[in-house]
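from the sequence below, what's the structure:
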Amino acid sequence: MTNESDTEAAMLPGFESPPEPKGSLAAAVAAQISALRSLGYIEANHSAQVELALVAARDIDRSFGRGAPSGRANLLRVMNEILESLPQPEAASKDLLDEVVSAMMHDDEDEVSDAVSVLAAP
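Modelled structure (predicted):
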């Protein structure tokens, strides 16, 4: 059990733990999330998933050289699933491309031109 004086001592200036440096995986995940956020794919409703991905990446970075490889593999799998659950630009582009192909197969020039204009829009 921690008493209040222990907690207060940890809060005094100069007694804080130094910030943990980001490992290469955590930095890469943060960069990916930042890019998706700047493109508008990640919004406030994705906050928990984003935090889970960042925590998993930091845990994986810390686990190198320690612990069982199977534990690291499980963390990698979970982090990958979290990242895949976030909206991705490729998925949106693929759906639009599918619309263009479908319109072309049905020989509908109006649908093709509408779908191509949506694809070409910035």
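
so which other helices or strands are in contact with the helix or strand where Ala73 lies?
Using DSSP states H and E, Ala73 sits in helix 69-85. If you count contacts as 3 or more C-beta pairs under 8 Å, 6 or more residues apart in numbering; DSSP states H and E, helix 69-85 packs onto helix 24-38, helix 47-63. Backbone N, C-alpha and C define where each C-beta goes, glycine included.

residues contacting Gly67?
Contact partners of Gly67, counting by C-beta atoms under 8 Å, 6 or more residues apart in numbering, are absent.

10 Å instead, please
Leu75 (C-beta atoms under 10 Å, 6 or more residues apart in numbering).

what's the answer for Ala26, then?
The neighbourhood of Ala26, defined by C-beta under 10 Å, 6+ apart, consists of Glu20, Ala53, Leu54, Val55, Ala56, Ala57, Arg58, Asp59, Ile60, Asp61, Arg62.

apply 8 Å and report the result again.
Leu54, Ala57, Arg58, Ile60, Asp61.

in CSV, list the C-alpha atoms belonging to stretch 55-66.
Only the C-alpha atoms of stretch 55-66 are listed here, as CSV (Å, rounded to 0.1, in the frame of the first residue of the first chain):
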residue,chain,number,x,y,z
VAL,A,55,0.7,1.5,-26.0
ALA,A,56,1.2,-1.8,-27.8
ALA,A,57,4.0,-0.4,-29.9
ARG,A,58,5.8,1.0,-26.8
ASP,A,59,5.4,-2.4,-25.0
ILE,A,60,6.8,-4.2,-28.0
ASP,A,61,9.8,-1.8,-28.2
ARG,A,62,10.5,-2.4,-24.5
SER,A,63,10.1,-6.2,-24.9
PHE,A,64,13.1,-6.7,-27.3
GLY,A,65,15.8,-8.6,-25.6
ARG,A,66,13.6,-9.6,-22.7
